[in-house]
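Asks: Need a 3D model of the sequence below.
(one chain, ligands or ions: 2)
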Amino acid sequence: MVLSVAGAATLTRHAEQWEIRATPSSTGPALPMTPSTRFSLLPFEDPMARTLVGLDIGSTGVRAAEFVPGRRRSTLRRFASVPLAPGVVRSGIVVDGEALTAALRELWATGKFGSKEVRLGIANSGVMVRQMVLDWMPPADFRQALRYQVQDALPMPVDDANLDYHLLEEAELAQENEDPRRVARILLVAAAREVVDPFVDAARHAGLRTSGVDLLPFALVRARTPNGLDPSGEAEAIVDIGADVVSVVVHAGGVPRFVRIIPGVGGDSITQAVQHGYQWSWEDAERTKVFVGLPGHATLDEFQRQTVTVRDDGLDHPAQKHVVTAATSLVAEISTTLDFYRASAAEAATADGAGQPTEVARVLLSGSGSRLGGLRELLEQRLGTRVEALDVMPFVKTTRGSHFTPDDETALAVAAGLCAGAGR
Ligand SMILES: Nc1ncnc2c1ncn2[C@@H]1O[C@H](COP(=O)(O)OP(=O)(O)OP(=O)(O)O)[C@@H](O)[C@H]1O
Ligand SMILES: [Mg+2]
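Replies: Ligands and ions are numbered 1, 2, ... in the order given. From the prediction side, this is the model:
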């Protein structure tokens, strides 16, 4: 039986120690006293800050957006992006910190942002997010005991992890011939320090101060629900398809229930399939992929059209054969992930009456990998669920001097989510 659904935890850094601070559900979510690095669904709140800068570091580029928080909409003051050379960031992990620092310096020189304080989003294989049911304890004791309770579930030594959790539900489980067992269902977040610190270090070397680190999937949930919880409470998936990371988050009413980060998969696996198919250069394969998309979705210009002969195999261009194969396995990966969510939500409902929806009402796409022509339709067909692009623009007011074009809309989602909700 669900007794209450509320509460939050925050992560505060004291010298080199991380401390979990839990908030009793009765008083609602609280904020850290001195936010440094945290993973939380709560907006980063700093009443003194006039503007907020969200920084999205992806493997193809770095993008930053500066916002003036507002009640209903935030105003975008500045936007800039700078491409990253291949190999600087791979699968969401910093490989070449110096090159990343150089790109961030260039980003600040280009963007002329009014602040050097940033919020970062991360998604990589060093992050683990999973639901756990633990014996209920008063929040202060729960916080103390968490490290010991979860250490066996972590893929890394507990001392090497940044830990945080969201309280999803408190419940009482009936037990035969015994008093009911009071439990807390949490979403545990553990991020290996070694995959977080290099981002913060690269930013510091570029003269930037990191005021918060958030999970990219959590930022996307906030980008979608910046003004608070969606009262309909249906489960909705947000899928970010990057170059070589896919992040899937299922949330209900703005509360994340499930996260899976799939490194090594994304738009680049489709480019790679085309490249291998023809022994082309990466640039040729990338350009061809973007223009041909999936069958029926080619967007060739007049000049390109002249080079393509009419075919009788249903393809607009022979390279679509490779695009289909790679896109189909990407879609299968996403589909398996959502199947897993449904199965585990149903299992939790049977085991302890957890009150989370098992069906995913719709899927929203972010990340430039989702721009592949026909991918949305392919996903919709395979998942049997409505699939749409995640649109953050209803919550963002653009200004003339922001250097933002409609082409940048997909690239804005993560940065917008990192700053979302602060004007509430
Ligand atoms: N118009 C387009 N059509 C198809 N694919 C595209 C298009 N534009 C970009 N892509 C693909 O999107 C991918 C990059 O997406 P995105 O910019 O979201 O990734 P990233 O944030 O840099 O990387 P990651 O999140 O994986 O670290 C690349 O694989 C690129 O080929
Ligand atoms: Mg990305």
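
Asks: Next, P217: phi, psi?
Replies: The phi and psi values for P217, taken as degrees, to the nearest 10, are phi -60, psi -30.

Asks: what sits against it?
Replies: 123, 129, 238, 240, 247-249, 256, 259, 261 (CB atoms under 8 Å, 6 or more residues apart in numbering). (Each C-beta comes from the backbone N, C-alpha and C, glycine too.)

Asks: mind redoing it with 6 Å?
Replies: Residues near P217 by CB atoms under 6 Å, 6 or more residues apart in numbering: 247, 249, 259.

Asks: any idea which of those residues is closest to G267?
Replies: S247 (13.2 Å; CB to CB).

Asks: Doesn't that closest one belong to a helix?
Replies: No - using DSSP: H, G, I helix; E, B strand; the rest coil, the assignment for S247 is strand, not a helix.

Asks: Spit out the contact partners of it.
Replies: Per CB under 6 Å, 6+ apart, neighbours of S247: 123, 216-217, 240, 261.

Asks: and the stretch 51-200 of the chain, which of its residues are near ligand 2?
Replies: Contact residues (CB under 5 Å from the ion) of the stretch 51-200 of the chain with ligand 2: G58.

Asks: quick one: the strands in the stretch 101-250 of the chain?
Replies: Secondary structure of the stretch 101-250 of the chain (DSSP state E, counting those that start in this stretch): strands at 117-122, 127-135, 161-175, 178-192, 209-215, 235-241, 245-252.

Asks: These: lowest mean pLDDT?
Replies: Among the strands of the stretch 101-250 of the chain, strand 161-175 carries the lowest mean pLDDT, a mean of 86.

Asks: packing partners for that one?
Replies: strand 2-4, strand 8-14, strand 178-192 (3 or more CB pairs under 6 Å, 6 or more residues apart in numbering; DSSP states H and E).

Asks: so what's the residue of the stretch 101-250 of the chain found nearest ligand 2 up against?
Replies: For the stretch 101-250 of the chain and ligand 2, the shortest gap (CB to the ion) falls at G242, measuring 3.5 Å. Shown in contact with G242 (CB under 6 Å, 6+ apart): 58, 266, 367, 369.

Asks: how much does the longest helix anywhere in the chain deviate in direction from strand 245-252?
Replies: In the chain, with assignment by DSSP state H, the single longest helix is helix 320-352. Per axes from the mean of the first three to the mean of the last three CA atoms, to 10 degrees, the angle that helix 320-352 makes with strand 245-252 is 40 degrees.

Asks: Does helix 320-352 reach ligand 1?
Replies: No - using CB under 6 Å from any ligand atom, helix 320-352 stays clear of ligand 1, coming no nearer than 9.3 Å.

Asks: Give the other helices and strands that the helix or strand following that helix contacts.
Replies: Following helix 320-352 in sequence order, the next helix or strand is strand 360-366 (DSSP states H and E). In terms of contacts (3+ CB pairs under 6 Å, 6+ apart), strand 360-366 is packed against strand 235-241, strand 386-389.

Asks: Adjacent strands (with direction) for strand 360-366?
Replies: strand 235-241 (parallel), strand 386-389 (parallel) (DSSP bridges).

Asks: Just the buried positions in that strand, please.
Replies: Of the residues in strand 360-366, 360, 363-366 count as buried by neighbour count, 16 or more other CB atoms under 10 Å.

Asks: Would you mind naming what in the stretch 301-424 of the chain lies close to ligand 1?
Replies: 367-369, 371-372.

Asks: In what element of secondary structure is the closest residue to D301 other than its chain neighbours found?
Replies: Sequence neighbours aside, F291 is the residue nearest to D301 in space, at 7.9 Å (criterion: CB to CB, 6 or more residues apart in numbering). Here F291, judged by DSSP H and E, is contained in helix 282-292.

Asks: What average pLDDT does that helix get?
Replies: Rounded mean pLDDT across helix 282-292 is 94.

Asks: Touching, Y341 and F258? I think so.
Replies: Yes - between Y341 and F258 there is a contact under CB atoms under 6 Å: 4.7 Å.

Asks: and this protein, which residues reach ligand 1?
Replies: Residues of the chain lying near ligand 1 (CB under 6 Å from any ligand atom): 58-61, 92, 242-245, 266-268, 271, 286, 290, 367-369, 371-372.

Asks: what do you get if the cut-off is 5 Å, keeping everything else the same?
Replies: 58-60, 242-245, 266-268, 290, 367-369, 371-372 (CB under 5 Å from any ligand atom).

Asks: my guess is K397 meets R73, correct?
Replies: Yes - with contact defined as CB under 6 Å, K397 counts as touching R73 (4.8 Å).

Asks: So for these two, which residue has more residues nearby?
Replies: Between K397 and R73, R73 has the larger neighbour count (other CB atoms under 10 Å), namely 18 against 15.

Asks: Next, the contact list for the more buried one, please.
Replies: R73 touches 395, 397, counting by CB under 6 Å, 6+ apart.

Asks: Quick one, grab the pLDDT at it.
Replies: R73 is given a pLDDT of 91.

Asks: ok, now how distant is it from A345?
Replies: According to CB to CB, to the nearest Å, R73 and A345 sit 33 Å apart.

Asks: Check the stretch 51-200 of the chain for the residue nearest ligand 2 and tell me.
Replies: G58 (3.4 Å).

Asks: Look at the residue lying closest to A326 once chain neighbours are set aside and tell me its secondary structure.
Replies: In space, and not counting its chain neighbours, A326 is closest to A273: 3.7 Å by CB to CB, 6+ apart. Secondary structure assignment for A273 (three-state DSSP): helix.

Asks: tally of neighbours for A273?
Replies: 21.

Asks: K321 versus that one, what's the distance?
Replies: 9 Å.

Asks: Name all residues that make contact with the residue lying closest to L104 once chain neighbours are set aside.
Replies: In this structure, L104 finds its nearest non-sequential neighbour in A206, 3.8 Å apart by CB to CB, 6+ apart. Contact analysis of A206 by CB under 6 Å, 6+ apart lists 101, 104-105.

Asks: now H403
Replies: Taking CB under 6 Å, 6+ apart as the definition, contacts of H403 comprise F79.

Asks: Any figure for the gap between it and G207?
Replies: Distance, H403 to G207, using CB to CB: 20 Å.

Asks: How about the contacts made by the closest residue to ligand 1 within the stretch 51-200 of the chain?
Replies: Relative to ligand 1, the nearest point of the stretch 51-200 of the chain is G58 (2.1 Å; CB to the nearest ligand atom). By CB under 6 Å, 6+ apart, the contact set of G58 is G242.

Asks: Next one, pLDDT for it please.
Replies: On the pLDDT scale, G58 gets 97.
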